[in-house]
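A.B. asks: structure here, sequence nowhere to be found:
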């Protein structure tokens, strides 16, 4: 489970990380615009070290408003409209950040 405070922590870490990513992006990287407006799927786990982590799947639109609430959204390509990351809530850091590519 995840609390409202933990969701806020995830959002804050995500926003900070995306700002750094966008600042350091090269001309070949897909920038992420307005991450607060993205739809987000959160999968909460306890890792092998007993730390609470959240896998965050972000996407900028949801054509089927009910699908994304019960199934994981997976796409190929899509650029900056789709990105994923993991947030370690125990240690307050982001890892495994990935922005989808472009076909």
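C.D. replies: That came through, no problem. All values derive from a computational prediction rather than experimental measurement.

A.B. asks: can you give me the strands for the protein?
C.D. replies: 39-46, 52-59, 82-88, 93-99 (DSSP state E).

A.B. asks: sketch out the low-pLDDT regions of this protein for me.
C.D. replies: Applying pLDDT under 70 to the chain flags residues 63-65, 77-80, 102-103.

A.B. asks: need the strands of the chain in TSV with distance to residue 33, can you?
C.D. replies: C-beta here means a position set from N, CA and C on the backbone, and glycine is covered the same way. Formatted as TSV, the entries for the strands of the chain read as follows, by distance: least, CB to CB, whole Å:
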stretch	distance to residue 33
strand 39-46	14
strand 52-59	12
strand 82-88	11
strand 93-99	12
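
A.B. asks: out of the ones you listed, which is closest to residue 7?
C.D. replies: Evaluated over the strands of the chain, closeness to residue 7 peaks at strand 39-46, with 7.2 Å, by CB to CB.

A.B. asks: what does that closest one contact?
C.D. replies: 1-2, 7, 10, 52-62, 68, 72-73 (CB atoms under 8 Å, 6 or more residues apart in numbering).

A.B. asks: could I get the buried residue list for that strand?
C.D. replies: Buried positions in strand 39-46, judged by neighbour count with 16 or more other CB atoms under 10 Å: 40-41.

A.B. asks: max-length helix in the chain?
C.D. replies: Longest among the helix segments of the chain by residue count, using DSSP state H, is helix 4-24.

A.B. asks: which strands or helices does that one pack on?
C.D. replies: If you count contacts as 3 or more CB pairs under 8 Å, 6 or more residues apart in numbering; DSSP states H and E, helix 4-24 packs onto strand 52-59, strand 82-88, strand 93-99.

A.B. asks: would a markdown table of the ones you listed with distance to residue 26 be doable?
C.D. replies: Output for the helices and strands packed on helix 4-24, formatted as a markdown table (distance: least, CB to CB, whole Å):
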| stretch | distance to residue 26 |
| --- | --- |
| strand 52-59 | 21 |
| strand 82-88 | 16 |
| strand 93-99 | 12 |
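
A.B. asks: thank you, goodbye.
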